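K.L.:
Got a predicted structure here, sequence first:
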Amino acid sequence: MNFNKADLQKEITYKTSRSGGKGGQNVNKVSSKVELLFSINNSLLFTDDEKALLNEKLQARFNKDGFVQVICDEERSQYLNKEKAVERLIVLLTRALQKPKVRKVTKVSKAAKAVRLADKRIQSTKKSNRRVGDSD
């Protein structure tokens, strides 16, 4: 993960539009909704392996043109919405690039097995003593 916010912003394109929600008359005049578009395939920040991994993991986030799309219209100002959208993209990319830890196969210890079996035996005798009229 060799990218930072400044490098990422060089490769991002923005679309703005009028947003609904709070803001009164301002909502009708100002384009505060931000749609961030980022092309993984055209990016110079990632290696081919990283691009393949990102394409695989972020498949659901692509629009019809093949761009990763992040939309933000929470704030009243366009600048704050742009900042939030970039932060979301960074989180999205870093999570997609993280490799999960390989699970080490472990065995249940003999002591743990013995305790479990002893508990089962106790439970079994408890239940068998509750039976009424069973002459086995």
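P.N.:
Great, that's in hand.

K.L.:
Look up the pLDDT of Thr125 for me, please.
P.N.:
If you check Thr125, the pLDDT there is 95.

K.L.:
Pop out the phi and psi values for it.
P.N.:
In terms of degrees, to the nearest 10, the main-chain angles of Thr125 are phi -70, psi -40.

K.L.:
For the protein, which segments count as strands?
P.N.:
Ranges of strands within the chain are 12-17, 33-38, 68-72, based on DSSP state E.

K.L.:
Pull the distance from the last one to the chain's centre.
P.N.:
It stands for strand 68-72. 14 Å (Cα atoms, centre = their mean, to the nearest Å).

K.L.:
can you state the direction angle for it and strand 12-17?
P.N.:
Angle, strand 68-72 to strand 12-17, by axes from the mean of the first three to the mean of the last three Cα atoms, to 10 degrees: 40 degrees.

K.L.:
coming back round to it: now the strands of the chain in JSON lines, please, with extra columns for mean neighbour count and mean pLDDT.
P.N.:
Every residue, glycine included, has its C-beta placed from N, CA and C. As requested, these are exported to JSON lines (neighbours: other Cβ atoms under 10 Å; pLDDT from 0 to 100):
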{"stretch": "strand 12-17", "mean neighbour count": "13", "mean pLDDT": "85"}
{"stretch": "strand 33-38", "mean neighbour count": "21", "mean pLDDT": "88"}
{"stretch": "strand 68-72", "mean neighbour count": "19", "mean pLDDT": "88"}
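
K.L.:
Turn those strands into CSV, columns for distance to Ser109.
P.N.:
Below are the strands of the chain laid out as CSV (distance: least, Cβ to Cβ, whole Å):
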stretch, distance to Ser109
strand 12-17, 52
strand 33-38, 49
strand 68-72, 46
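
K.L.:
Of all those strands, which one comes closest to Leu53?
P.N.:
Relative to Leu53, the nearest member of those by Cβ to Cβ is strand 68-72, separated by 13.3 Å.
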